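K.L.:
when you get a sec, could you give me coordinates for this:
(one chain, ligands or ions: 1)
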Amino acid sequence: MTHLHLDLLFLLLSPLLIFLLFHFTTRHQHNTSSLNRKLPPVPPSLPLIGHLHRFGRLPHRSLQSLSSKHGPILLLHLGRIPTVILSSASVVQEAIHLHDLALSNRPHLISADILTYGSSSVPFTQYGEYWHQARQIYALHMLSVKQVDSFRQVRQEEVALWIERIRGDGLAGEKAVHFSKLLVDLTNSIACRVTFGHRQPLEGGSSIGKLLEEVSELLLIVRIGELIPWLSWIDQLRGIDKRAKVTADILDQFLERVIEQHLEKRMNSHEDEKTGAPNFIDMLLDLKENDRELGMSLSMKNIKVFLWDMILAGTDTAFVTMEWAMAELIRHPEVMKQVQQEVRSTVRTRGELNEESVGEMKFLKAVISETLRLHPPAPILTPRETTQEIKLLGYHIPAKTRVIINAWAIGRDPESWGDRAEKFWPERFVDNPVDYKGQDFQFIPFGVGRRGCPGINFANRVVELALASLLYNFEWQLPDGMRGESLDMTETAGITVHLKNKLNLVAKPFV
Ligand code: HEM
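P.N.:
This next block holds a predicted model:
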């Protein structure tokens with residue numbers, strides 16, 4: 001059906017839809033308040049769509065402005081979905097200290113169901129036994145400090161190749177480098193080598209990057225049927241399910257193929273030959289062979305989900321962090337100079353740029369923290385859902401309420417960060433014990449509580465080494481004599497928030 005037909009159909013049906021929506025929404029809101037308990041403040045809404053229109057294209061910003069008017073805890077109705085918004089460090093602290101367990105579920109999302117084997121992906125899966133076992137596998141095997149250490153050589157090799165690529169190809173010092181694209185290439189190749197053992201495991205036309213883009217986009221699409229179930233036929237007409245199923249099939253076939261290749265290789269090699277570079281597929285296949293020790297049986301489906309999670313959760317977030325860090329450094333040449341001085345003098349003293357020398361670069365770490373404070377890659381984290389009724393700041397929050405934590409607003413709250421809350425000022429993190437591991441509620445780019453990110457250590461190693469290498473090897477400028485302060489910092493909409501206009505920079509070799 002063409003777009004014209006769809007629009008016409010929608011127009012004809014809209015009076016009926018408006019009546020039914022009005023009936024549904026008012027009845028629903030009445031039900032919530034009839035509990036006769038004090039609910040969080042509800043900003044004015046429209047009868048048909050509740051607060052959907054107030055969610056905005058960039059929800060972290062629109063929700064911040066709502067909470068500055070109505071307070072740090074709000075109740076919104078996104079269509080049929082009651083959603084509580086938490087926007088201050090103290091309210092999140094109370095939520096996690098008193099109700100972490102009750103806040104550990106994720107809402108059920110149809111796209112995640114289709115794209116991640118019935119929502120088996122850890123970021124989307126329901127709280128319960130499977131989630132516990134999966135987190136154990138991350139903590140003890142895939143993302144343990146020892147395991148992350150074992151990928152050191154992969155990271156160092158990939159970063160070194162990447163730096164040479166920037167320097168070579170006649171790019172460096174001549175014309176602007178498509179910096180954002182370079183970052184995607186690096187994070188993809190590290191994630192693929194670590195996960196599959198190869199840089200580019202897909203043969204033929206499509207690439208992992210393309211597949212990843214399609215999956216992220218599909219996970220982001222707002223489904224009308226999820227907000228207003230009886231309108232789900234509109235999603236069918238939009239073809240979302242079909243698109244998601246096609247992508248899920250490509251993804252599944254790809255994962256099957258790489259796992260088969262590894263199985264074949266294992267069958268054809270003797271025990272003493274199984275010493276290739278470490279990768280998640282072989283590690284999971286080893287665990288599957290010894291699943292009695294593991295305490296759970298790992299199915300092939302589980303293995304596929306773990307592999308895809310690593311790519312999905314780990315690539316975009318690290319890339320976005322580096323993109324924002326570089327954009328802020330370009331806008332603040334004095335900070336750029338200071339961090340380059342630290343990186344270069346540490347390398348001079350240590351004789352080498354590697355993960356050990358990077359570990360000593362305090363100001364570089366402060367620059368990364370300040371970037372994550374101002375630009376958390378997932379500004380409203382990942383939504384939660386209450387498993388039971390809870391009480392927060394004296395307000396009742398019913399079971400099955402969606403909960404959104406606005407980490408972006410919390411990171412810019414003058415109550416926690418003072419007058420210079422909006423300023424990029426990395427010094428605030430030098431010799432400051434506040435960090436992003438989830439204990440300091442004013443700074444939570446990796447989330448909080450038991451659903452917090454298990455990949456912090458993995459991400460840090462990549463981001464620190466890659467940024468240090470860029471800063472050590474090159475002087476960075478905007479093309480055509482553009483000045484840093486004119487850099488467009490407009491954000492894109494999405495679960496992860498990028499720079500809208502991709503970064504193009506001139507890289508002049510320093511060494
Ligand atoms: C700068 C990089 C990263 C950032 C900012 C980030 C941020 C986040 C956030 C905000 C969440 C949701 C937390 C919550 O709901 O409280 C999350 C969850 C998750 N992250 Fe990360 N992440 C990053 C890198 C990684 C990496 C490298 C991996 C794996 C290799 C990873 C794996 C996961 C997983 C599996 C979850 C789901 C946890 C659960 O639901 O139990 N992340 N991450």
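
K.L.:
what ranges do the helices span in the stretch 251-400 of the chain?
P.N.:
280-289, 291-294, 300-331, 333-350, 355-359, 362-374 (DSSP state H, counting those that start in this stretch).

K.L.:
comparing those helices by mean pLDDT, which bottoms out?
P.N.:
Least confidently modelled of the helices of the stretch 251-400 of the chain is helix 291-294, at a mean of 70 by mean pLDDT.

K.L.:
in that one, what counts as buried?
P.N.:
Across helix 291-294, burial judged by 16 or more other CB atoms under 10 Å covers residue 294. No exception for glycine: its C-beta is placed from N, CA and C like everyone else's.

K.L.:
convert the C-alpha atoms of that helix to PDB, please.
P.N.:
Output in PDB follows, covering the C-alpha atoms of helix 291-294 (Å, rounded to 0.1, in the frame of the first residue of the first chain):
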ATOM      1  CA  ASP A 291      28.200 -26.700  31.400                       C
ATOM      2  CA  ARG A 292      28.000 -28.900  34.500                       C
ATOM      3  CA  GLU A 293      30.600 -26.600  36.100                       C
ATOM      4  CA  LEU A 294      28.700 -23.600  34.800                       C
END
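
K.L.:
quick check: the closest residue to residue 69 other than its chain neighbours vs the ligand, distance?
P.N.:
Nearest residue to residue 69, sequence neighbours excluded (CB to CB, 6 or more residues apart in numbering): residue 43, at 7.2 Å. Per CB to the nearest ligand atom, to the nearest Å, residue 43 is found 24 Å from the ligand.

K.L.:
pull the number of nearby residues for residue 43.
P.N.:
15 (other CB atoms under 10 Å).

K.L.:
did I read that right, it in a helix?
P.N.:
No - Residue 43 is assigned coil when assessed by DSSP: H, G, I helix; E, B strand; the rest coil, not a helix.

K.L.:
as a markdown table, the helices of the stretch 251-400 of the chain with distance to residue 463 would be great.
P.N.:
Listed next are those as a markdown table, based on distance: least, CB to CB, whole Å:
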| stretch | distance to residue 463 |
| --- | --- |
| helix 280-289 | 20 |
| helix 291-294 | 31 |
| helix 300-331 | 5 |
| helix 333-350 | 13 |
| helix 355-359 | 10 |
| helix 362-374 | 6 |
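
K.L.:
that older thread, next up, the contacts around the residue nearest to residue 69.
P.N.:
Shown in contact with residue 43 (CB atoms under 8 Å, 6 or more residues apart in numbering): 51, 54, 66, 69-70, 74, 76.

K.L.:
of those residues, closest to residue 259?
P.N.:
residue 76 (42.6 Å; CB to CB).

K.L.:
wait, residue 409 sits on residue 64?
P.N.:
Yes - with contact defined as CB atoms under 8 Å, residue 409 reaches residue 64; the gap is 3.9 Å.

K.L.:
find residues that contact each of these two.
P.N.:
By CB under 8 Å, 6+ apart, the residues touching both residue 409 and residue 64 are residue 87.

K.L.:
which of the two has more neighbours?
P.N.:
Neighbours were counted for residue 409 and for residue 64 using other CB under 10 Å; residue 409 has more, 23 against 19.

K.L.:
quick one: the helix or strand containing the more buried one to chain centroid distance?
P.N.:
According to DSSP states H and E, residue 409 maps onto helix 407-411. Distance, stretch centre to chain centre, for helix 407-411: 15 Å (CA atoms, centre = their mean, to the nearest Å).

K.L.:
what's the average pLDDT for it?
P.N.:
pLDDT averaged over helix 407-411 gives 98.

K.L.:
okay, now residue 300: neighbour count?
P.N.:
Residue 300, neighbours per other CB under 10 Å, totals 14.

K.L.:
who's in contact with it?
P.N.:
residue 259.

K.L.:
quick check: end-to-end length of stretch 430-448?
P.N.:
Start-to-end span of stretch 430-448 (CA to CA, to the nearest Å) is 23 Å.

K.L.:
can you list contacts of it?
P.N.:
Contact partners of stretch 430-448, identified using CB under 8 Å, 6+ apart, comprise 89-90, 92-93, 96, 362-363, 366, 369, 372-373, 376-378, 381-382, 405, 407, 410-411, 413, 416-417, 449, 452-453, 456.

K.L.:
what helices or strands is the helix holding residue 409 leaning on?
P.N.:
helix 59-70, helix 362-374 (3 or more CB pairs under 8 Å, 6 or more residues apart in numbering; DSSP states H and E).

K.L.:
hmm, the longest one touching the ligand?
P.N.:
No - in this structure, helix 362-374 remains apart from the ligand according to CB under 6 Å from any ligand atom; the gap is never smaller than 6.6 Å.

K.L.:
mind exporting that helix as CSV, just the C-alpha atoms?
P.N.:
What follows is helix 362-374, C-alpha atoms only, in CSV (Å, rounded to 0.1, in the frame of the first residue of the first chain):
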residue,chain,number,x,y,z
LYS,A,362,44.9,11.2,35.3
PHE,A,363,43.9,14.2,33.2
LEU,A,364,42.9,12.0,30.3
LYS,A,365,40.6,10.1,32.6
ALA,A,366,39.2,13.3,33.9
VAL,A,367,38.4,14.4,30.3
ILE,A,368,36.6,11.1,29.7
SER,A,369,34.6,11.5,32.9
GLU,A,370,33.6,15.0,32.1
THR,A,371,32.5,13.9,28.6
LEU,A,372,30.4,11.1,30.1
ARG,A,373,28.9,13.6,32.6
LEU,A,374,27.8,16.1,29.9
